[in-house]
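> Sequence first, then the predicted structure, then my questions.
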There are 2 protein chains.
Amino acid sequence: MTASSSADEVLVREVGPRDGLQMARGTMATDLKIRWIKALAHAGVRSIEVGSFVPLKLIPQMADTGEVVAALRDLPGVALTALVPNLKGAQRAHAAGARRVIVPVSVSESHSRANTNKGTDEAIAEVGRITAWSRAEAPDLHVEAGCATAFGCSIEGVMPQDRVLRVAEGLVAAGADSLVLADTVGYGNPAQVKRLVAAARSAVGDRLEALHLHDTMGLGLANAYAGLESGIRQFDASLAGLGGCPYAPGASGNIVTEDLVFLLESAGFSTGIDLAALVAARDLLREGLPDELLQGQVARAGVPRTYHTA
Amino acid sequence: MTASSSADEVLVREVGPRDGLQMARGTMATDLKIRWIKALAHAGVRSIEVGSFVPLKLIPQMADTGEVVAALRDLPGVALTALVPNLKGAQRAHAAGARRVIVPVSVSESHSRANTNKGTDEAIAEVGRITAWSRAEAPDLHVEAGCATAFGCSIEGVMPQDRVLRVAEGLVAAGADSLVLADTVGYGNPAQVKRLVAAARSAVGDRLEALHLHDTMGLGLANAYAGLESGIRQFDASLAGLGGCPYAPGASGNIVTEDLVFLLESAGFSTGIDLAALVAARDLLREGLPDELLQGQVARAGVPRTYHTA
């Protein structure tokens, strides 16, 4: 796969090392985490969220993110992302060698306060502080903002579309380089994805880059397909569907990377990912997280001999 | 819900008592099967595939289908379907009180022979014998034909679209009242669903009524959504995702009825089904099939307080 992109290329970002491990039973050893990320890169994954720079006392599993970024920053052809909640996290991420950070901002005021002790507007203002600093002192840093709970919240229920758009516009005004709409608790449906993506494109244009979907209600891949049909060409997913949100009761894992890749490849899109090698990388999860239930239909059924239909 | 249909009504046919139980570990007692079907009807399910009239030695779990049909034929507002492989089965079904039969015909020659000892053309000819008989002697019988393995086969791989259309046209020529395209082994993808539904509509018009989807590779609901977008308003599904195909290795269950209903209702379609009552009907499955793994994300996560977004 070359750097030039055709209309049918889709970028899959693996978020298991961050969103997945954050919720996993047990902690994965740093060296195994690094081997896992290298196996993903070897399978052709070109974008990986490798961890977060958050206060250690909140999420001890992420204590080694600096070490992981430092070990992997020169991995060829792979963009590393780190999640950061605030300016201090962004500064730590950049110092460790990350060149892309994602700052989550919850559209749901209740979720925002439960998750970060900040309201939505305060969180948007923090994105402004990060971009102001990065422009002055870290111009090589890409600052992505995530509109969390954009499709619904387990505390507040369905999010009014106007509120999502207001947050998206606020994040762009605060200088975010790109946006991802996140179905943090997995309550979204495909019709809503189409409506919201179209409305967000009208509001913020190509600044909307990606969707981050969960499979709580089983609609994750249907929602991804609706996103594809709406022109989205970047998706977050996690190997074996690891992940969730500690502050969103009932939220289960991210959409399963290997099932998403099967969807994309069989439907005629190109991911650059070797599906068999991706499935094989699950062995490292089994080794590192023996108590974790691994999800995923493709791994269970086996990769069919032929499945490219387009 | 009245008999008049608006554009947004979708008919969900529960196929668990047939496709589900056929593959289940253990046999469900007849009285419990009847209680289960009544619970589904109580939840608002208006179409149920209650069993099959096949040789007993092949599928002993279906031995009581005649008894089940006889007990339920007067259930108000519910259409009962029975699967039949041949004329003799259709005659037994009609005698028991069934007014709708489905005859599966596999597009894959290998799957057809493995499943029924008949080639595809012989199976189409059998549909012709059934419709000739029903027109003469059972004019109140609706004969539906299922294009099995229409989206792929675990033996032959991807099915060429021309072959699917040839079978669909053959079934209409043989007098089938309606057609369902079945992804028997669950290898289909949403782009393929859209292409095939559009092509089949061109070939056989409204005779194509429904999709029967499996979730083998995790794409079942994405495929259902693609079908919805293509104008399909009838779908098969099974409670807790029971089901599979004994002659299609690797095939896992049908799409999960409760997850499909969540998709439909949250996306603004009307099913007439009470989601909480549907989820509660899983208790009868647990009672009748204690060794069976029940699938389904909605039941696991719980029905959200609010989820209607349209």
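That came through, no problem. Numbering: from 1, shown residues only, chains lettered A, B, ... in the order given.
> from what I can see residue A:84 touches residue A:101, true?
Yes. Between residue A:84 and residue A:101 there is a contact at 4.7 Å, judged by C-beta atoms under 8 Å. (C-beta placed from N, C-alpha, C; glycine too.)
> higher neighbour count, the two?
residue A:101 (28 against 25; other C-beta atoms under 10 Å in any protein chain shown).
> For the more buried one, pull up the helix or strand it's in.
strand A:100-106 (DSSP states H and E).
> tell me the mean pLDDT for that strand?
Strand A:100-106 shows a mean pLDDT of 98.
> elements contacting it?
strand A:79-83, helix A:87-96, helix A:109-116, helix A:120-137, strand A:142-148 (3 or more C-beta pairs under 8 Å, 6 or more residues apart in numbering or on different chains; DSSP states H and E).
> how distant is it from the center of its chain?
10 Å (C-alpha atoms, centre = their mean, to the nearest Å).
> quick one on the thing from earlier: just send the helices and strands packed on strand A:100-106 back as CSV, with mean neighbour count and distance to residue B:298 too.
Shown next, in CSV, are the helices and strands packed on strand A:100-106 (neighbours: other C-beta atoms under 10 Å in any protein chain shown; distance: least, C-beta to C-beta, whole Å):
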stretch, mean neighbour count, distance to residue B:298
strand A:79-83, 24, 29
helix A:87-96, 20, 35
helix A:109-116, 20, 21
helix A:120-137, 18, 28
strand A:142-148, 24, 22
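> Redo those as a markdown table? Include mean pLDDT.
Shown next, in a markdown table, are those (pLDDT from 0 to 100):
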| stretch | mean pLDDT |
| --- | --- |
| strand A:79-83 | 97 |
| helix A:87-96 | 97 |
| helix A:109-116 | 90 |
| helix A:120-137 | 98 |
| strand A:142-148 | 98 |
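> so which of those gets nearest residue A:213?
strand A:142-148 (12.1 Å; C-beta to C-beta).
> Parallel or antiparallel, which strands does that closest one pair with?
According to DSSP bridges, strand A:142-148 forms sheet pairs with strand A:100-106 (parallel), strand A:178-182 (parallel).
> and the next element down the chain from it?
helix A:161-173.
> For residue A:274, grab phi and psi.
Residue A:274 adopts backbone torsions of phi -90, psi 110, taken as degrees, to the nearest 10.
> And for the residue nearest the centre of chain A, nearest residue in space, chain neighbours not counted?
Taking C-alpha atoms, centre = their mean, the centroid of chain A lies closest to residue A:236, which sits 4.0 Å from it. Spatial nearest neighbour of residue A:236, excluding adjacent residues (C-beta to C-beta, 6 or more residues apart in numbering or on different chains): residue A:212 at 4.1 Å.
> Who is the one you found paired with across the strands?
Residues in beta-bridge contact with residue A:212 (DSSP bridges): residue A:182, residue A:236.
> so how far is residue A:45 from the spatially closest residue to residue A:88 that is not a sequence neighbour?
Leaving aside its chain neighbours, residue A:88 sits nearest to residue A:53 (7.9 Å; criterion: C-beta to C-beta, 6+ apart). Distance of residue A:53 to residue A:45, given as C-beta to C-beta, to the nearest Å: 21 Å.
> Also residue A:12?
In terms of C-beta to C-beta, residue A:12 sits 7 Å off from residue A:45.
> Least confident secondary structure element in chain A?
helix A:21-23 (a mean of 85; mean pLDDT, DSSP states H and E).
> returning to that earlier point: specify the angle between the strand holding residue A:101 and helix A:87-96 in degrees.
160 degrees (axes from the mean of the first three to the mean of the last three C-alpha atoms, to 10 degrees).
> Mind listing residues that contact strand A:100-106?
With C-beta atoms under 8 Å, 6 or more residues apart in numbering or on different chains as the test, strand A:100-106 has contacts from A:49, A:79-86, A:89-90, A:93-94, A:112, A:115-116, A:120, A:123-124, A:126-127, A:130, A:141-149, A:153, A:167, A:171, A:176, A:180, A:182, A:184.
> how does it look with 7 Å?
A:79-84, A:90, A:93, A:112, A:115, A:120, A:123-124, A:127, A:130, A:141-149, A:167, A:171 (C-beta atoms under 7 Å, 6 or more residues apart in numbering or on different chains).
> so where's chain A shaky on pLDDT?
A:1-7, A:244-252, A:310 (pLDDT under 70).
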